[in-house]
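1. Got a predicted structure here, sequence first:
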Amino acid sequence: MNLKDISLFRKNCLIDGTWQDADDASNFPVIDPANGTELCSVPNMSSVETQRAITAAKNAWPTWRKKPAKERANILRNWFNLIVANADDLGMLMTREQGKPLAEARGEAIYAASFVEWFAEEGKRLAGDVFEAPQTDKRIVVLRESIGVCVAITPWNFPAAMITRKVAPALAAGCTMIIKPAEQTPLTALALCELAVRAGVPPGVINILTCDIDRVAEVGKTLTSSDIVRKISFTGSTEIGRLLMRQSADTIKKLSFELGGNAPFIVFDDCDIDAAVEGAMQSKFRNAGQTCVCANRIYVQSGIYDQFAEKLAARVSQLKVGNGLEKGSEIGPLIDLAAIDKVQDHIADALSKGASLLVGGKSVEDEKLGYFFQPSVLVNATQEMKIAREETFGPVAPLFKFETEEEVIAAANDTEFGLASYCFSNNIKRVWRMMEALEYGIVGVNTGIFANEVGPFGGMKQSGLGREGSVYGIDEYTELKYCCLGGF
Ligand code: ADP
């Protein structure tokens with residue numbers, strides 16, 4: 001691993017302030033998706049270590065919550081500075097274990113740091129309330145307190161940002177944390193924890209457990225059934241979200257979920273076509289199409305359909321596919337073979353139902369060892385195709401043709417998902433109508449990128465519960481306590 005600071009290449013887990021292996025010495029490999037080689041192995045933790053982490057987080061909570069918010073903020077501020085200072089190394093770890101191009105990976109490190117900076121500031125502004133009581137002999141005070149032991153279960157597509165977006169508000173509010181990163185991308189997570197220790201996060205306040213796909217159910221069960229764990233923040237598939245919700249029912253945990261999406265990207269005749277093409281490129285092909293807010297269905301109004309398709313295909317055919325370490329690489333590998341299979345299945349299904357390919361459509365032949373797929377554009381996509389109903393999570397842009405605003409609103413909302421949506425139009429009244437009509441937690445208007453620490457990120461319907469980032473994100477880690485003072 002080519003790092004400036006090789007001590008960030010952590011291969012064990014942090015529990016109660018010490019770096020530990022699995023008690024049974026079990027571990028599992030971390031694979032480079034660009035060539036299928038093993039980078040290293042990390043501990044395969046079980047319920048035993050999970051229980052230990054829960055106890056550590058429980059014991060650390062009373063002291064951490066009682067620290068002045070300003071002190072917690074200072075530690076988070078240190079963490080922010082360290083993440084920024086080590087962004088190159090964090091980017092390198094991400095590119096190696098996840099595949100995204102180096103520049104994009106470094107960008108994610110900075111994006112991840114922005115949540116730490118933001119919540120270091122927000123933590124100092126947490127406040128309760130005082131209300132006028134309906135009786136003269138009473139006083140009403142509302143305290144805002146930290147929830148307690150929290151768990152973050154995170155996905156592989158944003159190995160750094162999905163962790164800081166959960167851990168930073170939790171710590172700022174006075175909670176302690178157990179992180180369970182995705183089995184594909186533990187190294188970035190472990191490096192972030194190493195930096196947290198250097199920043200001064202006390203033992204037990206942040207703990208991390210890595211485990212493979214065979215042990216994740218056991219670890220997940222231990223976390224969800226624990227009386228001590230009060231909150232689970234999960235980003236991942238809707239299927240696992242449902243499972244975690246069911247498993248958390250017995251202990252009535254607080255939950256924040258950021259689940260699957262099926263983002264519509266709507267392009268009206270009255271938009272700036274070049275801006276819409278650019279937006280589609282950014283939204284669809286970032287991280288090789290592997291984000292939950294990637295445009296999944298691109299609806300283009302009939303008057304500009306052909307022109308848009310032609311321009312998009314021209315841009316897509318220029319994208320450089322390759323190992324994320326190579327200079328100029330824009331599309332890295334997909335995460336694994338199953339991801340390639342899904343993309344291929346969606347394309348085959350679309351072609352069999354009348355769509356046609358303008359560009360791409362195949363896995364990349366000369367990169368056989370890695371999981372590369374050609375960025376692709378499909379025209380004549382329809383609602384009956386799998387690509388319209390399921391999240392493709394790959395570099396395929398299917399173009400659907402529509403005539404009227406009413407028709408496209410109905411099609412866009414015809415899904416159980418409701419995370420991100422996009423709309424391109426220069427008609428302010430139409431834009432406003434679309435913002436109101438789209439049943440999505442996020443509406444990007446004339447832009448393909450909206451993710452930052454300031455806007456609330458989250459979904460409606462089966463795309464999730466709660467919001468991350470923003471002034472609202474810290475609420476997910478606090479409880480309100482109503483105190484009624486009588487006898488005045
Ligand atoms: P994806 O399909 O994108 O990999 P998943 O929902 O399977 O998304 O994974 C997201 C996160 O949830 C990962 O950290 C994964 O290890 C974790 N996970 C998967 N299954 C379980 C489970 N049964 N209990 C707890 N966590 C799980």
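-> Yes, it's here.

2. So what's the residue count around whatever residue of the stretch 201-350 of the chain ends up closest to the ligand?
-> Nearest residue of the stretch 201-350 of the chain to the ligand (Cβ to the nearest ligand atom) works out as Gly220 at 2.2 Å. In this view, the C-beta of every residue, glycine as well, is placed from N, C-alpha and C. Per other Cβ atoms under 10 Å, the neighbour tally for Gly220 reads 22.

3. swap in the one 3 residues further on?
-> When neighbours are defined as other Cβ under 10 Å, Leu223 has 26 of them.

4. ok, for it, nearest residue in space, not its chain neighbours?
-> Val151 (5.1 Å; Cβ to Cβ, 6 or more residues apart in numbering).

5. following the host helix or strand of that neighbour, which helix or strand comes up?
-> Counting by DSSP states H and E, the element that carries Val151 is strand 149-153. Toward the C-terminal end, the helix or strand that comes next after strand 149-153 (DSSP H and E) is helix 161-173.

6. What mean pLDDT does the following helix or strand past that following helix get?
-> Next in sequence after helix 161-173, counting helices and strands by DSSP H and E, comes strand 176-180. The predicted model assigns strand 176-180 a mean pLDDT of 98.

7. Which secondary structure elements does strand 176-180 sit against?
-> Packing partners of strand 176-180 (3 or more Cβ pairs under 8 Å, 6 or more residues apart in numbering; DSSP states H and E): helix 47-66, strand 149-153, helix 161-173, strand 206-208, helix 216-225.

8. will you turn the ones you listed into JSON lines that also has mean pLDDT?
-> Listed next are these as JSON lines, based on pLDDT from 0 to 100:
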{"stretch": "helix 47-66", "mean pLDDT": "98"}
{"stretch": "strand 149-153", "mean pLDDT": "98"}
{"stretch": "helix 161-173", "mean pLDDT": "98"}
{"stretch": "strand 206-208", "mean pLDDT": "98"}
{"stretch": "helix 216-225", "mean pLDDT": "98"}
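
9. Dump the ones you listed into CSV; add distance to Ser7 as well.
-> Putting the helices and strands packed on strand 176-180 into CSV (distance: least, Cβ to Cβ, whole Å) gives the following:
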stretch, distance to Ser7
helix 47-66, 22
strand 149-153, 23
helix 161-173, 19
strand 206-208, 16
helix 216-225, 26
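
10. ok, back up a step: pull the contacting residues for the residue of the stretch 201-350 of the chain closest to the ligand.
-> Contacts here follow Cβ atoms under 8 Å, 6 or more residues apart in numbering; on that basis Gly220 touches Ile153, Lys180, Leu243, Leu244, Gln247.

11. quick one, longest helix in the chain?
-> Taking DSSP state H as the assignment, the helix of the chain that covers the most residues is helix 102-124.

12. Please spell out which residues along it are buried.
-> By 16 or more other Cβ atoms under 10 Å, the buried positions in helix 102-124 come out as 102, 104-109, 111-120, 122-123.

13. Close to the ligand: what parts of the stretch 201-350 of the chain are there?
-> Within the stretch 201-350 of the chain, the positions near the ligand by Cβ under 6 Å from any ligand atom are Val216, Ala217, Gly220, Gly236, Ser237, Ile240, Leu243.

14. Please indicate which of these are buried?
-> Val216, Gly220, Gly236, Ile240, Leu243.

15. what's the angle between the longest helix of the chain and helix 161-173?
-> Angle of helix 102-124 versus helix 161-173, following axes from the mean of the first three to the mean of the last three Cα atoms, to 10 degrees, is 20 degrees.

16. same for helix 102-124, what does it pack against?
-> Going by 3+ Cβ pairs under 8 Å, 6+ apart, helix 102-124 lies up against helix 69-85, helix 87-98, helix 161-173.

17. Point out the one among those helices that comes closest to the ligand.
-> helix 161-173 (9.2 Å).

18. Tell me how far the closest one lies from the chain's centre.
-> 12 Å (Cα atoms, centre = their mean, to the nearest Å).

19. ok, now stretch 330-346?
-> 18 Å.

20. near the ligand, which residues of the stretch 51-200 of the chain?
-> Ile153, Thr154, Pro155, Lys180, Ala182, Glu183.

21. list the contacts for the fourth one?
-> Contacts here follow Cβ under 8 Å, 6+ apart; on that basis Lys180 touches Val151, Ala152, Ile153, Thr154, Ile208, Leu209, Thr210, Cys211, Val216, Val219, Gly220, Leu223.

22. Just give me the neighbour total for the residue nearest to Thr18 when sequence neighbours are not counted.
-> Using Cβ to Cβ, 6+ apart and skipping residues adjacent in sequence, the residue nearest Thr18 is Pro203, 7.5 Å away. The number of residues packed near Pro203 is 15, by other Cβ under 10 Å.

23. swap in the one 10 residues further on?
-> For Ile213, the number of neighbouring residues by other Cβ under 10 Å comes to 10.

24. again, but for Lys4
-> Neighbouring residues of Lys4 were enumerated by other Cβ under 10 Å; the total is 10.

25. just Ala355 next, same as before
-> By other Cβ under 10 Å, neighbour count at Ala355 equals 20.

26. isn't it right up against Asn380?
-> Yes. At 4.9 Å, Ala355 counts as touching Asn380 under the criterion of Cβ atoms under 8 Å.
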